[in-house]
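Q: sharing a sequence plus its predicted fold:
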Amino acid sequence: MAERTVSVASEVGLHARPAATFVQTAAKAPFDVTIAKAGGAPVSAKSILSVLALDVRQGESIVISAEGEGAEELLDELAKIASAP
């Protein structure tokens, strides 16, 4: 399973527009993609409600995981979204 740990840079954290972009990107994958706060339980990265419920704020770390063909590339793209200011 591929995994990335990323510090969220957006002033609003992983909420509103950044969360929507993140979920839309994850939803394109034909395999499971999860997101978790560092040390927390993973939730589906394809569910806007699950991502918003994590309440990820600026400066917090998240762990994004995926398994399947193209997982590394997808995780790179999701990490870029999460770390964008």
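A: Thanks, I have it. Residues are numbered from 1 along each chain as shown.
Q: which parts of the protein are helices?
A: Ranges of helices within the chain are 16-27, 48-53, 71-83, based on DSSP state H.
Q: present these as a markdown table; the columns should include mean pLDDT and mean neighbour count.
A: (Glycine included, C-beta is placed from N, CA and C.) Converted to a markdown table, the helices of the chain look like this (pLDDT from 0 to 100; neighbours: other C-beta atoms under 10 Å):
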| stretch | mean pLDDT | mean neighbour count |
| --- | --- | --- |
| helix 16-27 | 96 | 17 |
| helix 48-53 | 97 | 15 |
| helix 71-83 | 97 | 17 |
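Q: quick one, which of those gets closest to Val6.
A: Among the helices of the chain, helix 71-83 comes nearest to Val6, with 4.7 Å by C-beta to C-beta.
Q: using PDB, write out every CA atom in stretch 59-72.
A: Extracted as PDB, the C-alpha positions of stretch 59-72 are listed here (Å, rounded to 0.1, in the frame of the first residue of the first chain):
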ATOM      1  CA  GLY A  59      -0.400  23.000   9.800                       C
ATOM      2  CA  GLU A  60      -1.900  19.600  10.700                       C
ATOM      3  CA  SER A  61      -0.500  16.400   9.100                       C
ATOM      4  CA  ILE A  62      -2.600  13.900   7.200                       C
ATOM      5  CA  VAL A  63      -1.800  10.400   5.900                       C
ATOM      6  CA  ILE A  64      -3.100   9.600   2.500                       C
ATOM      7  CA  SER A  65      -3.100   5.900   1.400                       C
ATOM      8  CA  ALA A  66      -4.100   4.000  -1.700                       C
ATOM      9  CA  GLU A  67      -3.400   0.600  -3.300                       C
ATOM     10  CA  GLY A  68      -3.700  -0.200  -6.900                       C
ATOM     11  CA  GLU A  69      -2.200   0.600 -10.300                       C
ATOM     12  CA  GLY A  70      -1.400   4.300 -10.500                       C
ATOM     13  CA  ALA A  71      -1.600   4.800  -6.700                       C
ATOM     14  CA  GLU A  72       1.800   6.500  -6.500                       C
END
